[in-house]
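Trainee: Next comes the sequence, and after it the predicted model I'd like to discuss.
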Amino acid sequence: MRLRSLIAALTIIGLATSCLGAEPASDVELQEVEDAVRVAVEAENERDVDTFLDYWTDEGLAEYEVGSRADLQAGRVASFGDQPILISEFTNTNIIGDNGTTTVDAVQGEHRVAWPLSRVRFTLVNRDGGWLINGFKFIGGTPPPEGAEVIDIEAREYAFELERDEVTRRVAFEFSNVGKEPHEVTMFKGPDDVTLDRAREDLKDVQGHELDKAPEGYEGDHVAFAEPDQTINATLARPLARGAYVLACYIPKGGFDEQGESDPDAQTHFELGMVAILGVR
């Protein structure tokens, strides 16, 4: 019994020593993980279904919620590639055996004014010497980088409260919803001499999902969304242009139900006065 116990103990110690002494992944191996994600993203942006699917497992596709392999191959996902993804940075890439993870800060969708970053995590598996994306998770807003100016924006019914009304071009937002309804920040680059009264009049017919219908002199982007009691980081991939910006919330009064529907007769938060001016110097 003592001999068997000694052998078992030595075996456990040997395994532990082997694991602790495992060589860390090389820069080349880490790069291969990141390259797999980069190629998959580029293929999606170019609507290249075959190349895109070469880098995904069926499990990964299910978490990514882009459509099944069969639906994508049959062309039944009309929205595939509609929201181009711009990778800003790979922030944390790791490999343990045949499993890898990489965290990515990226901008999704087309933007003209502000480029809000989102942080996502890809899980990968090595099969036959190649890395495949086997999982996906949305983490949230990207924390502001060192050196960025951070401005607090509080949302309540029905107003924005800005920590200050003028910022530098390299700015990040900490958006806190202290109200009882969901709120968002849509940011319009407006005329340099825009006032609150003029903004209310100029943007009164804009629908929250149709920002391209803003009047001449305005261009807008969605920047952040927060549920009640939620705080969101909104870091921008590029500095803002100098000038005046209108902050608006187009959520309908009462918010949305579980199906994402709202009262068709409800006024928007913008109509109820949720608008502010921010200067960028």
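Mentor: Good, I have the coordinates.

Trainee: other SSEs contacting the strand or helix carrying residue 120?
Mentor: Assigned by DSSP states H and E, residue 120 belongs to strand 118-127. Here strand 118-127 touches helix 27-45, strand 99-108, strand 130-141, going by 3 or more CB pairs under 8 Å, 6 or more residues apart in numbering; DSSP states H and E. To be clear about C-beta, it is placed using only N, CA and C from the backbone, and glycine gets the same treatment.

Trainee: will you turn the ones you listed into CSV that also has distance to residue 197 and mean neighbour count?
Mentor: Listed next are those as CSV, based on distance: least, CB to CB, whole Å; neighbours: other CB atoms under 10 Å:
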stretch, distance to residue 197, mean neighbour count
helix 27-45, 41, 17
strand 99-108, 33, 20
strand 130-141, 32, 17
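
Trainee: Reformat these as JSON lines; add distance to residue 156 and mean pLDDT.
Mentor: Formatted as JSON lines, the helices and strands packed on strand 118-127 follow (distance: least, CB to CB, whole Å; pLDDT from 0 to 100):
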{"stretch": "helix 27-45", "distance to residue 156": "37", "mean pLDDT": "97"}
{"stretch": "strand 99-108", "distance to residue 156": "28", "mean pLDDT": "97"}
{"stretch": "strand 130-141", "distance to residue 156": "20", "mean pLDDT": "96"}
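
Trainee: rewinding a little: now the strand holding residue 120, how far from the centre of its chain.
Mentor: When distances are taken as CA atoms, centre = their mean, to the nearest Å, strand 118-127 is centred 15 Å away from the chain's centroid.

Trainee: ok and that strand relative to strand 99-108, angle-wise?
Mentor: 150 degrees (axes from the mean of the first three to the mean of the last three CA atoms, to 10 degrees).

Trainee: ok, strand 118-127: who's next to it in the sheet?
Mentor: strand 99-108 (antiparallel), strand 130-141 (antiparallel) (DSSP bridges).

Trainee: Now do stretch 218-238: distance from first to last residue.
Mentor: 19 Å (CA to CA, to the nearest Å).

Trainee: Check what contacts the strand or helix carrying residue 247 and list those residues.
Mentor: Remark: residue 247 resides in strand 243-248, with elements defined by DSSP H and E. For strand 243-248, the surrounding residues in contact (CB atoms under 8 Å, 6 or more residues apart in numbering) are 113, 153, 160, 162, 185-194, 199, 203, 206, 218, 220, 270, 274-280.

Trainee: So which residues of the stretch 101-250 of the chain form helices?
Mentor: For the stretch 101-250 of the chain, the helices defined by DSSP state H, counting those that start in this stretch cover 196-202.

Trainee: Note down every partner strand of the strand holding residue 247 and its orientation.
Mentor: strand 183-190 (antiparallel), strand 275-280 (antiparallel).

Trainee: Of all those, which one is nearest residue 137?
Mentor: Closest to residue 137 of the strands paired with strand 243-248 is strand 183-190 (CB to CB; 22.4 Å).

Trainee: what does the closest one rub up against?
Mentor: So strand 183-190 is contacted by 112-114, 153, 155-156, 160, 173, 175, 177, 199, 202-203, 208, 211, 214, 217-226, 234, 241, 243-251, 269, 274, 278 (CB under 8 Å, 6+ apart).
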